[in-house]
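Colleague: Would you be able to build a 3D model of this:
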Amino acid sequence: MSSEILEILGLDPDEVDWQDLAMCNGAETNQHYDQYESSTTIAKVVDDRCLSCPVMKQCLEEGMENGEWGVWGAIYLTAGKMDANRNSHKTEEVWAEIRERIA
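Modeller: Okay, here's the model as predicted:
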């Protein structure tokens with residue numbers, strides 16, 4: 001997270017966590033867990049939200065490091081690892097964007 005951006009926004013970098021900047025902060029997060037993949041509409045909404053998030057990479061890293069499950073950084077994880085079945089709806093274009101953002 002760039003401290004210059006935070007300073008422009010008038011925020012103290014020592015008082016801001018990456019979660020504070022997440023697009024899903026305050027959103028209905030059940031969509032990132034049980035409801036994900038229950039419909040292509042919900043999965044697309046979650047994927048689009050993640051792909052527009054400024055802290056997508058930090059989110060994915062956190063999910064993987066802590067063995068989380070659910071959508072973290074646009075990828076559904078099970079025990080901190082990508083779950084191929086829960087990500088099967090993603091197109092090659094979406095995967096390309098994910099790879100670019102987390103590189």
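Colleague: Using the centroid of the chain, identify the residue furthest from it.
Modeller: The C-alpha centroid of the chain is most remote from G10, which lies 24.7 Å away (C-alpha atoms, centre = their mean).
Colleague: what sits opposite K81 in the beta ladder?
Modeller: Beta-bridge partners for K81, by DSSP bridges, are T78.
Colleague: quick one: the helices in the chain?
Modeller: Using DSSP state H, the helices assigned to the chain run over residues 3-8, 40-51, 56-65, 92-102.
Colleague: Out of those helices, the one nearest A84 is which?
Modeller: In terms of C-beta to C-beta, the element of these nearest to A84 is helix 92-102, at 11.6 Å. No exception for glycine: its C-beta is placed from N, CA and C like everyone else's.
Colleague: Just the CA coordinates for that closest one, please, in CSV.
Modeller: Below are the C-alpha coordinates for helix 92-102, written out as CSV (Å, rounded to 0.1, in the frame of the first residue of the first chain):
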residue,chain,number,x,y,z
GLU,A,92,-9.4,-17.3,-19.3
GLU,A,93,-9.7,-13.6,-19.5
VAL,A,94,-10.5,-13.4,-15.8
TRP,A,95,-7.6,-15.6,-15.0
ALA,A,96,-5.3,-13.5,-17.1
GLU,A,97,-6.4,-10.4,-15.2
ILE,A,98,-5.9,-12.1,-11.9
ARG,A,99,-2.4,-13.3,-12.8
GLU,A,100,-1.5,-9.7,-13.9
ARG,A,101,-2.8,-8.2,-10.7
ILE,A,102,-1.0,-10.6,-8.3
